[in-house]
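Asks: Provided below for reference: sequence and predicted model.
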Amino acid sequence: MTMDVQFYTLAPSPHLVGVLNALSRHPEVDLHVAYEKKWLGERSWGLHPGTAPHTYLGSWDVTGKGQHVSPRLRSMIQEGAPDLAVVNTSYVSPNTYALISLLQRRKVPFIFWAERVSRISSIWVQWLRRPFLQWVLRRASGFVGPTRDTIRFYRSACDYDGPATWVPYHRDLDPFLEVSRPEASSGRLCFLVLGSLTHGKGIDTVLRALAQVERPAEMLVVGDGPRRYALEEMAAACRPRHRVTFRGTIPYEQVPGVMEEADVLLFPSRHDGFGMVTMEAFAAARPVAASKAVMSAREYIRPGENGWLLPVDDVSAWARRMEAILETEDSLPEWGRAARATIQSDYCVEEDVDRLVRFLQKELGAANNPTVAHASQA
């Protein structure tokens with residue numbers, strides 16, 4: 001018997017589309033996706049709605065800070081209540097609270113799906129958001145996070161003790177798997193930094209670290225943003241010993257080609273709720289040096305084998321790691337093989353979606369029979 005599942009999320013994303021496509025293909029799921037918006041103006045990755053039947057709710061952001069409102073929510077719920085809903089919308093959005101209230105009124109159980117909230121928010125924001133998240137979680141039949149660390153965070157920070165499982169984001173990685181594996185560098189080893197040039201991405205940390213590195217290296221910075229001028233000034237302190245190039249924003253489909261130009265990905269974010277670029281680099285057979293605030297890195301990096309985990313903002317630690325990579329660059333092929341093997345052995349969308357479907361079935365059964373005891377998963 002199939003489950004009728006409605007999945008509510010913000011906008012089409014290449015990072016989630018792999019999960020939604022696999023879920024829509026599952027023989028035990030009848031999936032419909034409701035996107036709050038068609039486009040995210042701050043993103044340049046294009047439209048990726050996936051193959052599942054979907055609806056655009058035409059929400060608008062009333063403050064410009066993620067407070068989305070859509071008058072179509074009510075009519076969508078009233079057109080036909082699903083067996084189960086997945087709510088993957090922001091806790092700061094009025095849509096989320098309206099949606100949950102409407103689902104409860106129709107007695108539709110829902111699963112809350114969320115990333116770890118930002119580590120770099122101000123203290124008052126961190127204090128204020130806890131009761132809002134608790135309000136959502138107390139009404140949810142279960143919780144899904146993109147990593148196991150995400151579940152641990154909500155259990156600790158929000159006192160969540162209900163059922164939970166984890167499902168990482170997935171996208172089509174075939175173009176990255178076609179990238180040639182790195183050989184031992186014959187010239188200057190090239191570090192790649194890929195992301196928006198904002199405070200949260202922590203690129204200033206690796207530029208300051210590079211200035212302390214003795215062995216000559218290259219750094220390719222791909223992306224743009226409000227911090228570009230300041231970062232270019234920091235890069236000047238790295239020259240002439242090192243070559244630092246700012247490539248600017250590139251089309252999303254050109255990212256695999258950029259991976260081929262580099263040897264090691266640096267991912268120094270001060271916060272990243274998942275971080276798909278870790279998985280893209282692994283698929284391209286590039287090891288990753290990431291901060292411990294990157295959730296995908298915490299889940300998939302095996303230190304010393306396919307990458308390294310480093311403290312956030314610790315310039316000296318990053319400089320030592322970069323120097324050590326340069327000293328042992330003959331290990332690039334070995335690190336690259338281990339990185340790609342991670343994708344091929346530990347990261348499978350079908351397995352992750354099978355786990356998700358079992359979880360949804362269990363929580364739907366428990367919601368329909370309150371006497372059934374839950375066993376939390378992690």
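Replies: Ah, there it is. Residues are numbered from 1 along each chain as shown.

Asks: Got the confidence number for the closest residue to L192 other than its chain neighbours?
Replies: Nearest residue to L192 in three dimensions, chain neighbours excluded: A262, at 3.4 Å (C-beta to C-beta, 6 or more residues apart in numbering). Any C-beta I mention is one placed from the backbone N, CA and C, and that applies to glycine too. A262 is assigned a pLDDT of 95 by the prediction.

Asks: List the contacts of A262.
Replies: A262 makes contacts with C190, F191, L192, L220, R286, as judged by C-beta atoms under 8 Å, 6 or more residues apart in numbering.

Asks: From R227, how far off is it?
Replies: Going from A262 to R227 by C-beta to C-beta, to the nearest Å gives 21 Å.

Asks: And for R139?
Replies: 39 Å.

Asks: count of neighbours near the nearest residue to L310 once chain neighbours are set aside?
Replies: The shortest distance from L310 to any non-neighbouring residue, by C-beta to C-beta, 6+ apart, is to A317 (5.2 Å). For A317, the neighbour count with other C-beta atoms under 10 Å is 16.

Asks: how about A317, secondary structure?
Replies: Assigned by DSSP: H, G, I helix; E, B strand; the rest coil, the conformation of A317 is helix.

Asks: okay, it: pLDDT?
Replies: 98.

Asks: So it is in contact with P311, correct?
Replies: Yes - with contact defined as C-beta atoms under 8 Å, A317 reaches P311; the gap is 5.3 Å.

Asks: least trustworthy helix or strand in the chain by mean pLDDT?
Replies: Least confident element among the helices and strands of the chain, by mean pLDDT, DSSP states H and E: helix 72-78 (a mean of 82).

Asks: That one packs against which elements?
Replies: helix 94-105 (3 or more C-beta pairs under 8 Å, 6 or more residues apart in numbering; DSSP states H and E).

Asks: Using PDB, list the CA coordinates for the helix it packs on.
Replies: Provided in PDB are the C-alpha atoms of helix 94-105 (Å, rounded to 0.1, in the frame of the first residue of the first chain):
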ATOM      1  CA  PRO A  94       4.800  32.400   8.900                       C
ATOM      2  CA  ASN A  95       4.100  29.700   6.200                       C
ATOM      3  CA  THR A  96       5.600  27.100   8.500                       C
ATOM      4  CA  TYR A  97       3.300  27.800  11.400                       C
ATOM      5  CA  ALA A  98       0.200  28.200   9.200                       C
ATOM      6  CA  LEU A  99       1.000  24.900   7.500                       C
ATOM      7  CA  ILE A 100       1.500  23.000  10.700                       C
ATOM      8  CA  SER A 101      -1.800  24.400  12.100                       C
ATOM      9  CA  LEU A 102      -3.700  23.400   9.000                       C
ATOM     10  CA  LEU A 103      -2.200  19.900   9.000                       C
ATOM     11  CA  GLN A 104      -3.200  19.500  12.600                       C
ATOM     12  CA  ARG A 105      -6.700  20.700  11.900                       C
END
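
Asks: now that helix: how far from the chain's centre is it?
Replies: Taking the mean of its C-alpha atoms, helix 94-105 sits 25 Å from the chain's own mean (C-alpha atoms, centre = their mean, to the nearest Å).

Asks: Need the residues that contact it.
Replies: Counting by C-beta under 8 Å, 6+ apart, 8, 36, 57, 59, 62, 67-70, 73-74, 77, 85, 87, 89-90, 109-110, 135-136, 139 sit against helix 94-105.

Asks: Could you pull out the buried residues of it?
Replies: N95, T96, Y97, A98, L99, I100, L102, L103 (16 or more other C-beta atoms under 10 Å).

Asks: okay, stretch 26-37 in CSV with CA atoms only?
Replies: Extracted in CSV, the C-alpha atoms of stretch 26-37 (Å, rounded to 0.1, in the frame of the first residue of the first chain):
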residue,chain,number,x,y,z
HIS,A,26,9.8,4.5,-4.7
PRO,A,27,7.0,2.0,-5.2
GLU,A,28,5.6,2.6,-1.7
VAL,A,29,5.3,6.4,-2.0
ASP,A,30,3.0,8.7,-3.9
LEU,A,31,4.8,12.0,-3.7
HIS,A,32,3.8,15.6,-4.4
VAL,A,33,6.2,18.5,-3.7
ALA,A,34,5.0,22.0,-2.8
TYR,A,35,7.7,24.7,-3.4
GLU,A,36,7.1,27.9,-1.6
LYS,A,37,9.0,29.8,-4.3
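
Asks: Identify the nearest residue to the residue nearest to the spatial centre of the chain in space, disregarding sequence-adjacent positions?
Replies: The chain has F274 as the residue nearest its centroid, 2.7 Å off, counting by C-alpha atoms, centre = their mean. In space, and not counting its chain neighbours, F274 is closest to P146: 4.5 Å by C-beta to C-beta, 6+ apart.

Asks: what are the ranges of the helices in the stretch 151-300 of the chain?
Replies: 174-177, 203-212, 228-236, 255-261, 276-283, 295-300 (DSSP state H, counting those that start in this stretch).

Asks: Which parts of the stretch 201-350 of the chain are strands?
Replies: Here the stretch 201-350 of the chain has its strands, by DSSP state E, counting those that start in this stretch, at 218-222, 243-248, 264-267, 288-291, 307-310.

Asks: V353 is nearest to which of those?
Replies: Shortest distance between V353 and the strands of the stretch 201-350 of the chain, using C-beta to C-beta, is found for strand 288-291: 24.4 Å.

Asks: Could I get the buried residue list for the closest one?
Replies: Under 16+ other C-beta under 10 Å, the buried positions of strand 288-291 are V288, A289, A290, S291.
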